[in-house]
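**Q** 3D model of this:
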Amino acid sequence: MPTTFLSNALRGTFFCIFGLWWSVRYPLKYLRRKANAESQPSNGVQRAEVFEGAVKAFFALAGILVEQFVPAGPHLQLYSPKTHSWTDLTPWRYTTMYLFFLLSGIVDVVSHSQLKLPLGLDRLSLAVALFIEGLLFCFHDYNDAALDHHVHSLLAVAVFAGALCALLEVFLRDHIILETLRTSSFLLQGSWLWQIGFVLSPPWGGPGWDQSDRSNLAFLTMCFCWHYAGALAVLAANSAASRCCNESCQLKLGDIDVELDCGMCIRKGKSGSGGALLPENGSDDK
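**A** Residues are numbered from 1 along each chain as shown. Okay, the predicted model is just below:
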């Protein structure tokens with residue numbers, strides 16, 4: 001697929017979906033783990049990891065098919081024997097990026113299956129996928145287009161930041177700070193890909209922003225910082241909403257416990273013995 005506004009928007013939506021999902025899921029997981037003081041991951045957490053991996057693999061496979069088989073795509077042809085040159089390498093660049101995200105999704109699913117892969121391999125595969133993405137953006141030929149090179153260099157900053165967080169999570173599992181930073185990097189990647197679409201190929205048509213205007217570089221650098229501020233604002237809002245939702249659920253569960261106590265008496269021995277469930281009416285036991 002050529003680099004159009006729609007293609008950048010679709011790639012940005014992929015990262016935004018995961019960033020928004022993580023911005024709700026990780027605060028909830030942290031609050032529940034803190035309340036329950038459980039070190040073992042629950043079945044719900046494992047199912048969420050498998051679901052994320054399946055969705056990631058699906059989106060990545062769809063991205064590969066779209067990049068290759070749109071009418072203007074290379075259709076799996078890398079080298080043209082007629083012109084004795086490479087075909088348009090832009091779709092192949094994004095195909096390579098999606099390939100490693102596809103592998104990351106597969107590793108996510110397999111890691112929580114009965115094969116019992118080493119813990120942390122899923123985060124390592126995600127770190128490799130992000131590193132490959134950043135590498136492709138850094139060493140792409142931008143044909144001396146300074147603005148194009150600048151916006152993708154800023155994107156690479158967000159990509160490598162996410163890769164570093166994912167790599168540290170291999171050794172520091174379920175670390176809420178690292179998870180939050182990785183989530184913010186995904187939100188930043190998603191929104192910045194949308195911004196790249198508006199800068200290089202606006203949806204209303206036209207050639208895009210002036211590549212020779214140096215003031216555009218300074219403005220887009222500030223704009224990149226504003227995008228990250230927006231990502232942090234989304235994180236804060238979703239974290240607050242997750243906290244309110246968690247407290248509301250706890251209150252509802254507390255009301256249920258009170259209703260049960262009205263009909264039953266739960267006695268717990270102070271010496272550590274199990275609680276005995278006794279009927280409310282103390283009739284003679286036979």
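**Q** how about low-confidence regions in the stretch 51-200 of the chain?
**A** For the stretch 51-200 of the chain, the stretches with pLDDT under 70 are 144.
**Q** So which residues of it form strands?
**A** 79-80, 85-86 (DSSP state E, counting those that start in this stretch).
**Q** ok, and what's touching the last one?
**A** Judged by CB atoms under 8 Å, 6 or more residues apart in numbering, the contacts made with strand 85-86 from elsewhere in the structure are 78-80. Placement of C-beta: from N, CA and C, glycine included.
**Q** if we go to 6 Å?
**A** Identification of contacts with strand 85-86 by CB atoms under 6 Å, 6 or more residues apart in numbering yields residue 79.
**Q** And for the first one?
**A** By CB under 6 Å, 6+ apart, the residues outside strand 79-80 that reach it are 86-87.
**Q** Name the single longest helix found in the chain.
**A** Among the segments of the chain that qualify as a helix by DSSP state H, the longest is helix 214-263.
**Q** So what's the gap between that helix and the chain middle?
**A** 16 Å (CA atoms, centre = their mean, to the nearest Å).
**Q** average pLDDT across it?
**A** For helix 214-263, the mean pLDDT works out to 78.
**Q** what helices or strands is that helix leaning on?
**A** helix 5-36, helix 146-169, helix 176-200 (3 or more CB pairs under 6 Å, 6 or more residues apart in numbering; DSSP states H and E).
**Q** I figured residue 162 was touching residue 183, is that so?
**A** No: in this structure, residue 162 is not within contact of residue 183 by CB atoms under 6 Å, at 8.9 Å.
**Q** From residue 10, how far out is residue 63?
**A** As judged by CB to CB, to the nearest Å, residue 63 and residue 10 stand 8 Å apart.
**Q** And residue 120, by the same measure?
**A** 30 Å.
**Q** Likewise for residue 177?
**A** Following CB to CB, the distance that separates residue 177 from residue 10 is 31 Å.
**Q** Between those two, tell me which one has more neighbours.
**A** residue 10 (18 against 10; other CB atoms under 10 Å).
**Q** burial measure for residue 26, as a count.
**A** 21.
**Q** Same question for residue 217.
**A** 15.
**Q** How about the contacts made by the closest residue in space to residue 100 that isn't next to it in sequence?
**A** Closest residue to residue 100 apart from its sequence neighbours, by CB to CB, 6 or more residues apart in numbering: residue 129 at 3.9 Å. For residue 129, the contacting residues are 100-101, 104, by CB under 6 Å, 6+ apart.
**Q** just the residues you listed now: which is nearest residue 15?
**A** residue 101 (10.1 Å; CB to CB).
**Q** That closest one reaches residue 60, doesn't it?
**A** Yes: contact criterion CB under 6 Å: residue 101 and residue 60 qualify, at 4.1 Å.
**Q** Rebuild the contacts of residue 129 as JSON lines, extending it with distance to residue 246 and neighbour count.
**A** Below are the contacts of residue 129 laid out as JSON lines (distance: CB to CB, whole Å; neighbours: other CB atoms under 10 Å):
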{"residue": "100", "distance to residue 246": "35", "neighbour count": "19"}
{"residue": "101", "distance to residue 246": "31", "neighbour count": "24"}
{"residue": "104", "distance to residue 246": "29", "neighbour count": "24"}
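**Q** Next up, phi/psi of the nearest residue to residue 88 once chain neighbours are set aside, please.
**A** Counting by CB to CB, 6+ apart, residue 88 lies nearest to residue 74, which is 6.2 Å off, once chain neighbours are set aside. The phi/psi pair for residue 74 (degrees, to the nearest 10) reads phi -80, psi -10.
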